[in-house]
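Participant: The following comprises the amino acid sequence and a computationally predicted model.
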Amino acid sequence: MAAKMATLSFLLLLAIVTCSEAKLGYLKETNMVFYMHDIESGTNVTTIPVAGAPNKPFSVLRFGTIAAIDDLLTKGYNRNSTQVGRARGIYVNSAVDGSDLHFLMSLVFTNKVFNGSTLEVQGSDRFFLKYREVSVVSGTGKFRMGKGYAILETVYLNTMTFFFPIKLYYTSC
Ligand SMILES: *[C@@H]1O[C@H](CO)[C@@H](O)[C@H](O)[C@H]1NC(C)=O
Ligand SMILES: *[C@@H]1O[C@H](CO)[C@@H](O)[C@H](O)[C@H]1NC(C)=O
Ligand SMILES: *[C@@H]1O[C@H](CO)[C@@H](O)[C@H](O)[C@H]1NC(C)=O
């Protein structure tokens, strides 16, 4: 399965509750949906396994593998739709049966509204489940002192290509 994996594309559904320094004490919820494209093979690879279990090919689906990621975040489902930013960081496959990718990444925004701001996302991505929840531990810029959670939803899964769209929701002060 791992050897044949071509593309692992996520659409992230991120629901984040944040509260900025200036507005402590009152929460405003805004939902943001965008899509994370995790391309592991073919052209324009955005996820590269860089370390793993000794004497075995590195694969994000194998326990012990660490991958560097620089995934495109887009407004729409299509990879060519408007870019929102990049998801930069690492995955660590942290389940002995390979079923859990530890997410550790910065969402680096490049769109007009949040340009230059970042959100720090961390958590357990048990990617064989349809819905997973991960933490938003903090942020910078417009997300300073931010806090919340993200729902990762697999809306499409192709076992031949490992295309995992996930949507993101967003909430702020
Ligand atoms: C890969 O990137 C190049 C240069 O940015 C771009 O022209 C090309 O369309 C991309 N290919 C795919 C399949 O997205
Ligand atoms: C994105 O655009 C490139 C170049 O125009 C095209 O080759 C590719 O098929 C498009 N990708 C999708 C998913 O539509
Ligand atoms: C985002 O900020 C950079 C650096 O300040 C700037 O070059 C770019 O044009 C900005 N992008 C948008 C969409 O505002």
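Facilitator: Perfect, thanks for sending it. On a predicted model such as this, the values are computed, not experimentally measured, just so you know. Ligands and ions are numbered 1, 2, ... in the order given.
Participant: C-alpha from now on. contacts and neighbour counts both.
Facilitator: Fine.
Participant: From the contact counts, what lies against the helix or strand residue 123 falls within?
Facilitator: Assessed by DSSP states H and E, residue 123 sits inside strand 118-125. Counting contacts by 3 or more C-alpha pairs under 8 Å, 6 or more residues apart in numbering; DSSP states H and E, strand 118-125 packs against strand 101-109, strand 131-140.
Participant: tell me what the shortest one is packed against?
Facilitator: If I follow you right, that is strand 101-109. Partner elements for strand 101-109 (3+ C-alpha pairs under 8 Å, 6+ apart): strand 83-93, strand 118-125.
Participant: Including mean neighbour count, could those strands go into TSV?
Facilitator: Below are the helices and strands packed on strand 101-109 laid out as TSV (neighbours: other C-alpha atoms under 10 Å):
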stretch	mean neighbour count
strand 83-93	22
strand 118-125	22
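Participant: closest one to ligand 3 among these?
Facilitator: Minimum separation from ligand 3 across those (C-alpha to the nearest ligand atom) falls at strand 83-93, 8.9 Å.
Participant: in this protein, which spans are strands?
Facilitator: For the chain, applying DSSP state E gives strands covering 12-14, 32-33, 35-37, 47-51, 66-74, 83-93, 101-109, 118-125, 131-140, 148-153.
Participant: Same list, the ones you listed, but as a markdown table with distance to ligand 3 and mean pLDDT please.
Facilitator: Below are those laid out as a markdown table (distance: least, C-alpha to the nearest ligand atom, whole Å; pLDDT from 0 to 100):
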| stretch | distance to ligand 3 | mean pLDDT |
| --- | --- | --- |
| strand 12-14 | 21 | 58 |
| strand 32-33 | 17 | 78 |
| strand 35-37 | 18 | 83 |
| strand 47-51 | 24 | 92 |
| strand 66-74 | 13 | 92 |
| strand 83-93 | 9 | 94 |
| strand 101-109 | 9 | 94 |
| strand 118-125 | 12 | 93 |
| strand 131-140 | 14 | 87 |
| strand 148-153 | 24 | 81 |
